[in-house]
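In: Structure of the sequence below:
(2 chains)
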Amino acid sequence: MSLRQPPLAAVHEAAGADATEFGGWEMPVEFESITTEHRAVREAAGIFDVSHMSEIEVGGPDAEALMQRLTSNDVAALDPGDVQYSMITDDEGIILDDTVVYRLPSETPEYLFVPNAGHDQQMLDRWTRRRDEWGLDATVENRTETYAMFAVQGPDAPGLVADAVDAADADDEAVDDLGRFEADYRSIAGVECLLSNTGYTGEDGFEVLAPWEDAETVWDAFDCQPCGLGARDTLRIEAGFLLAGQDFDPEENPRNPYEAGVGFAVDLDTEFVGRDALASAKEAGPAQRFVGIRLLDRGVPRHGYPVTTADGERIGEVTSGTMSPTLSEPIGLGYVDVERADAGTDVRVEVRGQAKKARVESPNFLDR
Amino acid sequence: MSFEIPDDRRYLESHEWAHRDGDAVRVGISDFAQDELGDVVFVELPDEGDEITAGEEFGVVESIKAVSDLYAPVGGEVTAINEELFDTPELVNDDPYGEGWMLEVELEDESDLDDLLSAEEYEDQIA
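Out: Got it, this is the predicted structure:
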């Protein structure tokens, strides 16, 4: 099956980007070097093409009810323009996907949610099937190839975005008035975009949904380092953010939100698929917890490497890892038994059969 | 993009090079390989005195994004390793044929070198 292409595929190729397959899409992994791009985001700003992310739009009289019953957080708490991190769980409370839910800036509740790359059809099917089963009056549309999505991230991102937003909007405090996890329509290079104060790097930043056909115009409005998925991965690992399919996977690594450290995105006072299972799971407490792991010996922790005690007893595994460009130290994310999950716990990571000294830490290595 | 392929050494299909200096053969990876890997962050090498066998794994090079095995272009006893790479693995990116060398082997079988690709053959392979 041929890979799906973002609208700027030719632009990225002309810029010399290396491409990789991700979630059924062919996406830029690296423009210059992962380290260069990573540092640009930590020290100045970088722009990522994340058009492979899925977008599903939900409208109609029962839009709020449908969203409330299929996502774990409290959708009713959202005002127009609010953005919320949430989980999509199955009946057992296992995370099928994590997502960002936008309540679109309109009076009647309309939503757009962003599942991970390649999950659009699966989520469209889930939403329409449940809507029909529950007899709700809601529209569900796949907008994945309607919107390009860019992320402008880094300490200089607010200034860059303010500069890029057209003067008519800029007079109206275009960027400063968007609080964290808020979104609104803004004109960028003459193109109406949905701009949100969100990101996946641990930095200040914005994400932009632009019409697919205007992607290049909007991309060109930002003068900063283009970054690929390689830097996006090292940045999110340092910030301790989950990656679907790697840090959780309903088939290969089933996790509930409490194990995965995202219990804050679950509101048990709402009714949603998986709610009862999660209420029990919360009461029982997780057997394992999502943690950061810093390697103290030479090596790089990678997905699937076992975590053990000093005596060799297996207590968990690494799900993501890298050599941190910010810390210049090998770091990872993963799960360990809850009694070994406190920061400072001395553990080992088995790197190609060799037990390397390591320490459990908070998943957020950025200390901010 | 064109890559540097010096003709004073020979190459393995898996992108390692071997450069003979007397009885010693110095080993590293090619400019093409370091570019494919991206930022090299870790190199695992055998110890001095270990024996390595032509065509078999002798170590690992890790970039930020991937782990790759290293294959021996020639066999013999490891007489030196480049310890600089433990603290500055980026030398492999910066100078793959010079400061980024990995180890030296005392050549046991002259024919090992004959089995390797010439610079021209290697260039054809990566074209």
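
In: And the strands in the stretch 101-250 of chain A?
Out: Assigned by DSSP state E, counting those that start in this stretch, the strands in the stretch 101-250 of chain A fall at A:111-114, A:139-142, A:147-153, A:183-188, A:191-196, A:205-211, A:225-227.

In: any chance of these in TSV, with mean neighbour count and distance to residue B:67 too?
Out: (Glycine included, C-beta is placed from N, CA and C.) As requested, the strands of the stretch 101-250 of chain A are arranged in TSV below (neighbours: other CB atoms under 10 Å in any protein chain shown; distance: least, CB to CB, whole Å):
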stretch	mean neighbour count	distance to residue B:67
strand A:111-114	24	31
strand A:139-142	18	36
strand A:147-153	25	27
strand A:183-188	20	39
strand A:191-196	21	36
strand A:205-211	24	30
strand A:225-227	25	22
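
In: right, and those - which one's nearest chain B?
Out: In terms of CB to the nearest CB, the element of the strands of the stretch 101-250 of chain A nearest to chain B is strand A:225-227, at 13.0 Å.

In: Any chance you could list what contacts that closest one?
Out: The set of residues external to strand A:225-227 that reach it, using CB atoms under 8 Å, 6 or more residues apart in numbering or on different chains, is A:12, A:15, A:17, A:28, A:31-32, A:36-38, A:40-41, A:44-49.

In: cutoff 10 Å now
Out: By CB atoms under 10 Å, 6 or more residues apart in numbering or on different chains, the surrounding residues in contact with strand A:225-227 are A:8, A:11-12, A:15-17, A:28, A:30-32, A:34, A:36-41, A:43-49, A:150-154, A:201, A:219, A:231, A:235.

In: what helix or strand is residue A:281 on?
Out: Taking DSSP states H and E as the definition, residue A:281 sits inside helix A:275-284.

In: so how far is that helix from its chain's centroid?
Out: 24 Å (CA atoms, centre = their mean, to the nearest Å).

In: Check which helices and strands that helix is in contact with.
Out: Under the contact criterion of 3 or more CB pairs under 10 Å, 6 or more residues apart in numbering or on different chains; DSSP states H and E, helix A:275-284 touches strand A:83-89.

In: ok so, going back, let me have the strands of the stretch 101-250 of chain A in TSV, extended by mean pLDDT.
Out: What follows is the strands of the stretch 101-250 of chain A, written out as TSV (pLDDT from 0 to 100):
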stretch	mean pLDDT
strand A:111-114	98
strand A:139-142	98
strand A:147-153	98
strand A:183-188	95
strand A:191-196	97
strand A:205-211	98
strand A:225-227	98
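
In: Which of those sits closest to residue A:164?
Out: Judged by CB to CB, the one of the strands of the stretch 101-250 of chain A that comes nearest to residue A:164 is strand A:183-188, at 5.2 Å.

In: what's that closest one packed up against?
Out: strand A:95-103, helix A:157-164, helix A:167-170, strand A:191-196, strand A:205-211, helix A:215-219.

In: could these be laid out in a markdown table, adding distance to chain B?
Out: A markdown table is the format used below for those (distance: least, CB to the nearest CB, whole Å):
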| stretch | distance to chain B |
| --- | --- |
| strand A:95-103 | 23 |
| helix A:157-164 | 23 |
| helix A:167-170 | 37 |
| strand A:191-196 | 28 |
| strand A:205-211 | 21 |
| helix A:215-219 | 23 |
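
In: For residue A:278, find the nearest of these.
Out: strand A:95-103 (10.2 Å).

In: Find me the pLDDT at the one residue in chain A that gets nearest to chain B, would you?
Out: Chain B sits closest to residue A:323 of chain A, with a gap of 3.6 Å, by CB to the nearest CB. Predicted confidence (pLDDT) for residue A:323: 96.

In: ok, what's across the strand from it?
Out: For residue A:323, the beta-bridge partners under DSSP bridges are residue A:330.

In: ok, it to residue A:288 distance?
Out: Look at residue A:323 and residue A:288: by CB to CB, to the nearest Å, they are 25 Å apart.

In: Pick out whichever of the two has more residues nearby.
Out: Comparing residue A:323 with residue A:288 by neighbour count (other CB atoms under 10 Å in any protein chain shown), the higher total belongs to residue A:323, at 24 against 20.

In: For the more buried one, which residues are in contact?
Out: Contacts of residue A:323 by CB under 10 Å, 6+ apart are A:34-35, A:234, A:295, A:299-301, A:329-331, B:39-42, B:62-64, B:89.

In: Next to chain A, which bits of chain B? Give me the list.
Out: Counting by CB under 10 Å from any CB of the partner chain, the positions of chain B adjacent to chain A are B:1, B:35-36, B:38-44, B:60, B:62-67, B:69, B:86-87, B:89-90, B:93.

In: Where helices are concerned, which of these count?
Out: Residues from the residues of chain B next to chain A lying in helices, with DSSP state H as the criterion: B:35, B:36, B:86, B:87, B:93.

In: Quick one: low-confidence residue ranges for chain A.
Out: A:1, A:168-174, A:368 (pLDDT under 70).

In: Could you list the low-pLDDT ranges of chain B?
Out: In chain B, residues with pLDDT under 70: B:1.

In: Show me the helices in it, by range?
Out: B:31-37, B:84-87, B:91-94, B:111-114, B:119-126.

In: With mean neighbour count and distance to residue A:106 added, can I get those helices in JSON lines?
Out: As requested, these are exported to JSON lines (neighbours: other CB under 10 Å; distance: least, CB to CB, whole Å):
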{"stretch": "helix B:31-37", "mean neighbour count": "20", "distance to residue A:106": "48"}
{"stretch": "helix B:84-87", "mean neighbour count": "14", "distance to residue A:106": "57"}
{"stretch": "helix B:91-94", "mean neighbour count": "19", "distance to residue A:106": "51"}
{"stretch": "helix B:111-114", "mean neighbour count": "14", "distance to residue A:106": "72"}
{"stretch": "helix B:119-126", "mean neighbour count": "15", "distance to residue A:106": "55"}
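
In: what's the burial count for the closest residue to residue A:270 other than its chain neighbours?
Out: Once flanking residues are discounted, residue A:270 sits nearest to residue A:74: 5.2 Å by CB to CB, 6 or more residues apart in numbering or on different chains. By other CB under 10 Å, 17 other residues sit near residue A:74.

In: Distance-wise, check residue A:74 relative to residue A:139.
Out: In terms of CB to CB, residue A:74 sits 22 Å off from residue A:139.
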